[in-house]
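Chemist: sequence unknown, structure follows:
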């Protein structure tokens, strides 16, 4: 039986606008399309992992509003255990503004976490107490940083495999890195943590080596269309991205990768194989619009892996 996946993060409602460019201050432009739906890095990763076949518990905080109720309905539809998601009686469920370049699918995002700003370690502790050795615990940096740091340390102490997706980029104390079994930054996040530009495989190797020096067990850098770079004490591996006919929307691709990675690790796959599995999930997600709704299901993932 696969191990459990517990994800700490935020849920927000994504409001995405597709347009040729961002407007300048004081300017109004016409967009090409508009989408609204479930999002937030933690929420997206939970959906990605669940659709990939994992048993997922999500830990967050939402508002006592229509968006919060819609979130719970969406989690139930994907089989996600949200029993430990708390509800704020005063703060609203968060939201995110997403600009998507209609031509390239690239994005720019502003996140307002809303009720998730109120998360405390006491909210998270019941989920941490359920962790068994070998379970997967994953988090990001959209939830309050002090809560994330404390949760990683406790999950590590309980024998869980800890994954930190350091997004959005933020300064971290040196004490955090030894509590992280797998660090999964993208290029800009890796650059912020390493202190130098990460713009290709060579720079990715230098950054990954730096992260291992800081104490992480493994570094997996996501490099967009180039794929992923995996570095452990024993292994250095470039995992190429899968070929897709067209990129439609890159929003949530990193979340898709991380959710897929967690699901594959929960099945007991070796790290390199789990990274390839995550690449397949991420590659599929950019072929359609949206974040959580764009996460692929297991049959699609298996078909892409088989086509290779």
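Modeler: Thanks, I have the structure now. The structure presented is a predicted model; accordingly, all values stated were derived computationally and were not measured.
Chemist: how about low-confidence regions in this protein?
Modeler: Residue ranges of the chain with pLDDT under 70: 1.
Chemist: List the contacts of the residue lying closest to residue 187 once chain neighbours are set aside.
Modeler: Spatially, and ignoring its direct neighbours in sequence, residue 187 is nearest to residue 198 (4.7 Å; Cβ to Cβ, 6 or more residues apart in numbering). The C-beta positions use only the backbone N, C-alpha and C, and glycine is treated the same way. With contact set as Cβ atoms under 8 Å, 6 or more residues apart in numbering, residue 198 has these partners: 187, 188, 190, 191, 204, 206, 207, 221.
Chemist: one more time with 7 Å, if that's ok
Modeler: 187, 190, 191, 204, 207, 221 (Cβ atoms under 7 Å, 6 or more residues apart in numbering).
Chemist: So it, which state does it fall into?
Modeler: Here residue 198 is recorded as coil under DSSP: H, G, I helix; E, B strand; the rest coil.
Chemist: Same question for residue 287.
Modeler: coil.
Chemist: mind listing the strands in the stretch 151-300 of the chain by residue range?
Modeler: Taking DSSP state E, counting those that start in this stretch as the test, the strands found in the stretch 151-300 of the chain are 161-164, 182-183, 218-222, 228-231, 236-239.
Chemist: chain center to the first one: distance?
Modeler: What that stands for is strand 161-164. Relative to its chain's centre, strand 161-164 lies at 12 Å (Cα atoms, centre = their mean, to the nearest Å).
Chemist: Please identify the pairing partners of it and their relative orientation?
Modeler: The strands beside strand 161-164 in its sheet (DSSP bridges) come out as strand 136-139 (parallel), strand 182-183 (parallel).
Chemist: Helices along the stretch 151-300 of the chain, start to end?
Modeler: Along the stretch 151-300 of the chain, counting by DSSP state H, counting those that start in this stretch, helices occupy 187-194, 201-214, 253-266, 271-285, 298-307.
Chemist: what's the most buried one of those?
Modeler: Mean neighbour count (mean count of other Cβ atoms under 10 Å) peaks for helix 253-266 among these, with a mean of 29.
Chemist: That one to helix 271-285, inter-axis angle?
Modeler: Helix 253-266 and helix 271-285 are oriented at 140 degrees to each other (axes from the mean of the first three to the mean of the last three Cα atoms, to 10 degrees).
Chemist: Run through who's touching helix 253-266.
Modeler: Under Cβ under 7 Å, 6+ apart, the answer for helix 253-266 is 2-3, 5, 41, 44-49, 52-54, 136, 138, 161, 163, 165, 167, 184, 186, 222, 273-275, 277-282, 285-286, 291, 295.
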